[in-house]
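1. One predicted model, sequence on top.
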Amino acid sequence: MFMLPAPHFALTFFPPGYTPAVPMGSWSIEQTLQASQKWHVGTWSPTTLSVVCNTGDSLIIYTNQWNSDAGAAFIPSISPGSLIKIYDPEATYLGTAEPVFAQAFAVFNLAAGTYTITPPNLGGPGGDGDIYVLRVAGLQGIRTYGAAEIGGGATNTGSYTSISATLQAADVAGDLIVAIGGTDNNTVTTTLTVATPTGFTNLAKQTDGTNSPPSSFDYKTGVGSAETVTYTWPNYASPVGEAILAAFMPIATRSVLAYASKADPNQTSTTSPLITSGITTPVYGSTIIVELLTQSTSTAPVSNFSDSYGNTWTLVATNYYAGGTSANGEFPCYLLKCVNAKGGINHTFQLTKNSVQDECTIYAVVLNGGDIGNYTVNTTGTYSGSVTTSQANSIVLSFWSPNDTGAAGYTDNYHAPAGWTQMANNNNAYNSMSGADAYISVPVAGTVVTATWTADNTGNGINANQCMYMVEVT
């Protein structure tokens, strides 16, 4: 491994046959690039960064900057393609007395080829900063992130020698954690440098405290907690500090990460929309599968479904059960999906009802990527459904919506088959679209997977004409 000695540009790469000294799991760090714009120079050196990617590579792009322009948004860009924003506080700082901040972006699963990264416009000669680009193999998305800013903005009179940032949610052991910390100075000083945090390995630094806001770009392997990074610059009391860390998900066997469910009863319901409790989902890269049950296509249409992170939903299937048909519009059961979903903390799912008394139920299952392979629906049976897997190591979901017509005060409990992991159990059959969902991991392609559910009170009203979706996620 060697570094090009140019003062404003650093490139790290691994020659053929060389094994990089980084933690090797299901991800590996392949390359680090850096470009800088010095104080009162007004241009980046180099003006762009070019990186050759292999199929499936990801790029992680962080900046640390003092931006002297109060104009339009200034973020890095990539060609071809576009970047996914992780954190960008520029709107808070541009045009202020101390416009110092850090940014984080990424892009995943790239096609093989050459990509050009253009640094942000720093607003003229007064702007200075650094952009860091990390090429990584084996990532599939962003699990969570954390960020902190101290000082800066309207004032520049603080006095700080460190800053800490904490992940918003726990990472998973084996995640790639990438962090940046930076600061700036009001006086010209060569002693202002940012130390590599404890437990991290440095990828690149800016150490020229005379002409740039110093920063440190670092990584570690996640240990499975809401981790904190602390950056220090002990030789100078600075008016500002900024830090970001993000946990990136490695490619892994398909698994369920989280789920949410909510049922709204008929007659007693007086609110709309129906909203699930908040759950924590990956910032980017998950796949979310939703089953939506309503009493009518008109009183609670599927087009009224949404989530709190503004994802775009694809309607996979519409079927009818319990005597409903496309002609009368009663008792629809919808299957929806979102691939490469956006998310984060307190992620909710909701359905706006045209009639507040409409019975409806939401089931949402969050997986670590993938897409729907095979799926089936059974709207004539009572307890069972089957699907054949198309790929190895897939997850099969079973959404069971029994035609359960109990009497007032009647509730039932639904039980997934042995070997399955049950998630929700919405059991007020008299007043709501009752049902449950479960999943199982299937290692072998071509496996016929059957789910046969049971219920405590089968004689009190479970009839034929259920809705059961069996959904393979590859």
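-> Nice, I can see it. Residues are numbered from 1 along each chain as shown.
2. for the stretch 301-450 of the chain, which spans come out with low pLDDT?
-> 406-410, 428-431 (pLDDT under 70).
3. Mind jotting down where the strands sit in it?
-> For the stretch 301-450 of the chain, the strands defined by DSSP state E, counting those that start in this stretch cover 305-307, 314-320, 332-342, 349-351, 360-367, 372-378, 384-388, 394-404, 414-415, 421-426, 435-442, 448-452.
4. could you give the angle of the second one to strand 332-342?
-> It refers to strand 314-320. Following axes from the mean of the first three to the mean of the last three C-alpha atoms, to 10 degrees, one obtains 170 degrees for the angle between strand 314-320 and strand 332-342.
5. Show me what strand 314-320 is packed against.
-> Here strand 314-320 touches strand 332-342, strand 372-378, strand 462-473, going by 3 or more C-beta pairs under 8 Å, 6 or more residues apart in numbering; DSSP states H and E. All C-beta spots, glycine's among them, are computed from the backbone N, C-alpha and C.
6. next one: the fourth one
-> Secondary-structure packing of strand 349-351 (3+ C-beta pairs under 8 Å, 6+ apart): strand 274-275, strand 284-294, strand 305-307, strand 360-367.
7. same thing but 10 Å
-> strand 256-264, strand 274-275, strand 284-294, strand 305-307, strand 360-367 (3 or more C-beta pairs under 10 Å, 6 or more residues apart in numbering; DSSP states H and E).
8. and Ala147, which of these is closest to it?
-> Nearest to Ala147 among the helices and strands packed on strand 349-351 is strand 284-294; the distance by C-beta to C-beta comes to 15.4 Å.
9. what sits against the closest residue to Thr280 other than its chain neighbours?
-> Spatial nearest neighbour of Thr280, chain neighbours left out: Ala169 (4.6 Å); criterion: C-beta to C-beta, 6 or more residues apart in numbering. Shown in contact with Ala169 (C-beta atoms under 10 Å, 6 or more residues apart in numbering): 143-146, 225-226, 247, 280-283, 344-345.
10. Let me see the backbone angles for Ala169.
-> As for Ala169, its main-chain torsions (degrees, to the nearest 10) stand at phi -140, psi 170.
11. Distance of it relative to Glu227?
-> 10 Å (C-beta to C-beta, to the nearest Å).
12. Quick check: neighbours shared by those two?
-> Thr144, Gly146, Ala247.
13. could you redo those as CSV and give each row pLDDT, distance to Ser77 and secondary structure?
-> Listed next are the shared contacts of Ala169 and Glu227 as CSV, based on pLDDT from 0 to 100; distance: C-beta to C-beta, whole Å; DSSP: H, G, I helix; E, B strand; the rest coil:
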residue, pLDDT, distance to Ser77, secondary structure
Thr144, 97, 25, strand
Gly146, 98, 25, strand
Ala247, 98, 24, strand
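14. Can you go through those and name the buried ones?
-> Buried residues within the shared contacts of Ala169 and Glu227, counting neighbours by 16 or more other C-beta atoms under 10 Å: Thr144, Gly146, Ala247.
15. Now the first one: closest residue in space that isn't a chain neighbour?
-> What that stands for is Thr144. Per C-beta to C-beta, 6+ apart, closest to Thr144 is Ala169, 4.3 Å.
16. From Val136, how far off is the one you found?
-> With C-beta to C-beta as the criterion, Ala169 and Val136 are 21 Å apart.
17. Thr376 now?
-> Taken as C-beta to C-beta, the span from Thr376 to Val136 is 37 Å.
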